[in-house]
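In: fold the following and give me the result.
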Amino acid sequence: MKTAIITGAAGNMGRAVVKKFIEEGYKVIAVTDPLQNDTFDFSGNNFEQHKIDMANETASQKFIDTVVAANNVIDAAIL
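Out: Numbers count the residues shown, from 1 in each chain. Okay, here's the model as predicted:
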């Protein structure tokens, strides 16, 4: 299964992109604002939601390192 990171996943366009990538068979790692209480209707092994302040360089690097370690490769990043 291919893996995609999608930032801004809770926005109007972000939700549509998440849905499309899941429909195409990707595992989606959705990044949302930690200050927002966003919910998604997706479940299962092909969807993860992470609340990350992507403006924080240290937090962003830690997130990317964790995702790469868990998935070995990231096939797409939609930012």
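In: so what's residue 67 closest to, chain neighbours aside?
Out: Counting by C-beta to C-beta, 6 or more residues apart in numbering, residue 29 is the residue found nearest to residue 67 once chain neighbours are left out, at 5.8 Å. From N, CA and C alone the C-beta is placed, and that goes for glycine too.
In: burial count for that neighbour?
Out: Residues lying near residue 29 (other C-beta atoms under 10 Å) number 25.
In: quick check: buried residues in the longest helix anywhere in the chain?
Out: For the chain, the helix that runs over the most residues, judged by DSSP state H, is helix 57-71. The neighbour-count check on helix 57-71 (16 or more other C-beta atoms under 10 Å) flags 63, 67, 71 as buried.
In: please apply the same query to stretch 15-30.
Out: In stretch 15-30, counting by 16+ other C-beta under 10 Å, buried: 15, 17, 18, 21, 22, 26, 27, 28, 29, 30.
In: among those, which pair sits farthest apart?
Out: Across the buried residues of stretch 15-30, the longest distance by C-beta to C-beta is 16.8 Å; it joins 15 and 27.
In: stretch 48-60: end-to-end distance?
Out: Using C-alpha to C-alpha, to the nearest Å, one end of stretch 48-60 lies 16 Å from the other.
In: which residue ranges of this structure form strands?
Out: For the chain, the strands defined by DSSP state E cover 3-7, 27-32, 47-51, 76-78.
In: return the most buried member of these.
Out: Most buried of the strands of the chain by mean neighbour count (mean count of other C-beta atoms under 10 Å) is strand 27-32; its value is a mean of 24.
In: tell me what it is packed against?
Out: strand 3-7, helix 12-23, strand 47-51, helix 57-71 (3 or more C-beta pairs under 8 Å, 6 or more residues apart in numbering; DSSP states H and E).
In: pull the CA atoms of the second one into PDB?
Out: Below are the C-alpha coordinates for helix 12-23, written out as PDB (Å, rounded to 0.1, in the frame of the first residue of the first chain):
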ATOM      1  CA  ASN A  12     -12.600  21.800   2.500                       C
ATOM      2  CA  MET A  13     -10.100  20.900  -0.200                       C
ATOM      3  CA  GLY A  14      -8.000  18.800   2.200                       C
ATOM      4  CA  ARG A  15     -11.000  16.600   3.000                       C
ATOM      5  CA  ALA A  16     -11.600  16.000  -0.700                       C
ATOM      6  CA  VAL A  17      -8.000  15.100  -1.200                       C
ATOM      7  CA  VAL A  18      -8.000  12.700   1.800                       C
ATOM      8  CA  LYS A  19     -11.100  11.000   0.400                       C
ATOM      9  CA  LYS A  20      -9.600  10.700  -3.100                       C
ATOM     10  CA  PHE A  21      -6.300   9.200  -1.900                       C
ATOM     11  CA  ILE A  22      -8.100   6.700   0.300                       C
ATOM     12  CA  GLU A  23     -10.400   5.700  -2.700                       C
END
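In: perfect, that will be all.
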